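Undergrad: Let's see this in three dimensions:
(2 chains)
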Amino acid sequence: MIDTNNCATCPVHNIGNLKKLGINMKDYNYVVALAGNPNTGKSTVFNNLTGLKQHTGNWPGKTVTRAEGGFEYNSSKFKLVDLPGTYSLLSTSTDEQVARDFILFGQPDVTVIVVDATRLERNLNLVLQVLEITDRAVLCLNLMDEAKRNNIKIDERQLAKDLGIPVIPAEARQYVGMQDLINAIFEVTSGKFVCKPYRLKSKSKELNYAIEKLTQEIKQAFPDIPNATWVALRLLEGDQSIIEAVRTGEIGNIKLVNTLLEEKELEAERI
Amino acid sequence: MTKIHRQNNEAILSLANNLRWEIGENFHDKLMESIYANATTIAQKSVTTPVVKPRFSLDRALDRIVTSPVLGFPMMFLVLAVIFWLTIEGANVPSAMLFSLLIDNFHPVLKDFAFTIGLPSWLGGVLIDGAYLAMAWVISVMLPPMAIFFPLFTLLEDFGYLPRVAFNMDNLYKRAGAHGKQALTMAMGFGCNAAGVVAARVIDSPRERIIAIITNNFSLCNGRWPTQILIATIFIGGAAPAYLAGLVSAGAVVGIAVLGIVLSLVVSWALSRTVLKGEASAFSLELPPYRPPRLLRTLYTSLIDRTLIVLWRAVVFAVPAGIVIWLVSNITIGGESIAGLFINWVDPVSFIIGLNGVIILAYIIAIPANEIVIPTILMLTVLVTGITGVGSGDGVMFELDSITATKDILIAGGWTLLTGINLMLFSLLHNPCSTTIYTIYRETKSVKWTLVSTLLPVVMGIAVCFFVTQIWRLFAGF
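TA: The predicted structure is shown next:
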């Protein structure tokens, strides 16, 4: 009898299993969001996985709208969404809005956070924010070649242990690590790998209580909301637009949020 | 929404209010501090950085030169000049080859074929002398420079030079009351203004974004480089001693490009002091590390993504324009073609601003694509001056194989050095092409700003040409 487990770990088998679908992504099973700080190589990863040729460039802010593409792996179809770079989910700047909205309300099945290995500490700020609001994420430790050139060593096992999500070292420009990344995406979406995402420590007791209490109330009032914790954070911060959305009840209308995203997408396509 | 729901929502808000009170005002700072502290802890556990920093870092050494207050700008102009020089020099040979293939060889074949199958002469004229020639001209003139310019520019982008340009320009734009990222959109505009307008999305503030959109047209786009280069070669290079001609004409083109940058600053300044008042907003721009560009990848993507797509657009617009040119010069009213009537009508007015009716008509016909301005001008000039023995009939777009022949036609059409200078200025300062106008509308969703972006440069162009002409005539006396 053939041991299929061995096949699944064999790189030859896996490469044969990857189908770059380009923009043909009807009937996808999973949505994968590509998030990360500006200029960490999200679009390069996107192109590698989908076979598409999104324009890439070495400057922050190159991607202004989201791009979508698909790939098929182990007979599951994935829709990959390339998002503009963002430094924080807690800011209000408009150029980061597309990314923020999608990570928060687009309900991706897994969020791949692409980070610059040479600037890990700074990049972790976004990673921790994403991990606060999602249970399924993969960290793509990109630009490992540059890190090596600068004699920076990263213990990715330790990092994976601390963050509670798969950490994949990669050199996307050279296609290095893409296979592992796809595999990690597959394992997280299929439930083979269960993430135990790191949650912020050293939040004060009062803060924890406030967030929890408010989150509960929001969940009760708007059961469909995907990110009650984030809404609670914004309310505590006194974000006027979120306060208004709660007052009118719009925040609970997740369909509306999705429609808004669709509209933005159409707009982007027309250009 | 029912009343009970509303009450629930208000309850949440008042709970939030109370909690906010309890946790204290500096909640955001506390949260951010906590995030940073956690990030540091995690990073320290897994990252080992070199104890001794390398003494020499190429990145920093390069940055010291390219972002230096003294050398920054000269370096920028030098890099631009080298790219344009390579584009101009490199494009000549393949351009001539494509030209001879598509126009000298294939055009007569098509004509013969049309004759053989008995196509009515007016239909053959519209399709072959109009549409086909327009398309062939655009391909032979635009494809080679784009196939050189885009990969070079993309390599520069891949390398990481663009953020440094923005860094250098930031202070100037800030003083003009605009956003420093406008430098990035300006750089995109040097390829294509429509792309530059879309790129203005990186600017947050609507006020600064509109300024960036309006002034993007001051970046000479691909469609205008050929005009600049040809006219500079004929009139400005022609006025200089032969051994300096190449250098002088290249200098003139760079001069026009720099004038465009200066005008974009001046207009930004004027707009932010009048209709678009406001302070320049701060922004943070990470200077990414220099990365060795991936040659083959860049070549491939810039050829497929940029070159072919832009070319396709040009062809799509050139075909109907070619048909229009053929029609206006072949439909006659009272024995005079529409084109001739129009040219005679605007000639006196355009004389005041140092242009002529042919140029004005060419710019109207060429609204869809700046690339077809020169062939349209040549064709219309032949038509008006009644030169015989060139081209293949009324309304046939053509380019002449030698620059001297082009010069002869233009001089027969009454062109002087002044006309050449004014054409270069007007090519910089006129309405954006229709694609850009449409893109501006899509991006601003405002008829008002679209009109301003369209008309402002034309008005400026007319004013600049007027003053140049008056001063010139005052001193030169003709």
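Undergrad: When you work out contacts or count neighbours from here on, use the C-alpha atoms and nothing else.
TA: Noted.
Undergrad: Any idea how many residues pack against the residue lying closest to residue B:207 once chain neighbours are set aside?
TA: Of all residues not flanking residue B:207 in the chain, residue B:276 sits nearest, at 6.1 Å (CA to CA, 6 or more residues apart in numbering or on different chains). Using other CA atoms under 10 Å in any protein chain shown as the criterion, residue B:276 is surrounded by 18 other residues.
Undergrad: Then residue B:206?
TA: 13.
Undergrad: Let me know the pLDDT of it.
TA: For residue B:206, the pLDDT comes out at 84.
Undergrad: List phi and psi for it.
TA: phi -60, psi -40 (degrees, to the nearest 10).
Undergrad: what sits against it?
TA: Under the criterion of CA atoms under 8 Å, 6 or more residues apart in numbering or on different chains, residue B:206 has no contact partners.
Undergrad: What distance do you get for it to chain A?
TA: Using CA to the nearest CA, to the nearest Å, one obtains 10 Å as the distance from residue B:206 to chain A.
Undergrad: One more: residue B:255?
TA: Residue B:255 sits 27 Å away from chain A, going by CA to the nearest CA.
Undergrad: Show me what the strand or helix carrying residue B:339 is packed against.
TA: Residue B:339 belongs to helix B:338-352 when elements are defined using DSSP states H and E. Using 3 or more CA pairs under 8 Å, 6 or more residues apart in numbering or on different chains; DSSP states H and E as the contact criterion, the secondary-structure elements in contact with helix B:338-352 are helix B:309-330, helix B:357-365, helix B:373-385, helix B:447-476.
Undergrad: Let me know which of those helices is the nearest to chain A.
TA: Nearest to chain A among those is helix B:309-330 (12.6 Å), distances taken as CA to the nearest CA.
Undergrad: Against which helices or strands is the closest one packed?
TA: Other elements packing on helix B:309-330 under the criterion 3+ CA pairs under 8 Å, 6+ apart are helix B:133-159, strand B:336-337, helix B:338-352, helix B:357-365, helix B:373-385.
Undergrad: how far does it sit from the chain's center?
TA: For helix B:309-330, the distance from its own C-alpha centre to the chain's C-alpha centre is 19 Å (CA atoms, centre = their mean, to the nearest Å).
Undergrad: just stretch B:214-224 next, same as before
TA: The chain centre lies 3 Å from the centre of stretch B:214-224; the measure is CA atoms, centre = their mean.
Undergrad: And for that stretch, what's in contact with it?
TA: Stretch B:214-224 has contacts (CA under 8 Å, 6+ apart) with B:142, B:146, B:185-187, B:189-193, B:196-197, B:257, B:260-261, B:263-264, B:267-268, B:369-371, B:427-429, B:431-432, B:449, B:452-453, B:457.
Undergrad: do stretch A:143-163 as well
TA: Stretch A:143-163 has contacts (CA under 8 Å, 6+ apart) with A:40-41, A:116-118, A:166-172, A:196-198, B:42-43, B:45-50.
Undergrad: Helix, strand, or coil at residue A:111?
TA: When states are read from DSSP: H, G, I helix; E, B strand; the rest coil, the local structure at residue A:111 comes out as strand.
Undergrad: err, residue B:280, not the other one
TA: Taken by three-state DSSP, the conformation at residue B:280 corresponds to coil.
Undergrad: who's in contact with it?
TA: Going by CA under 8 Å, 6+ apart, the list of residues near residue B:280 reads B:174, B:177-179, B:208.
Undergrad: Now narrow these to whatever sits close to chain A.
TA: Checking those against chain A by CA under 8 Å from any CA of the partner chain, not one of them is in range.
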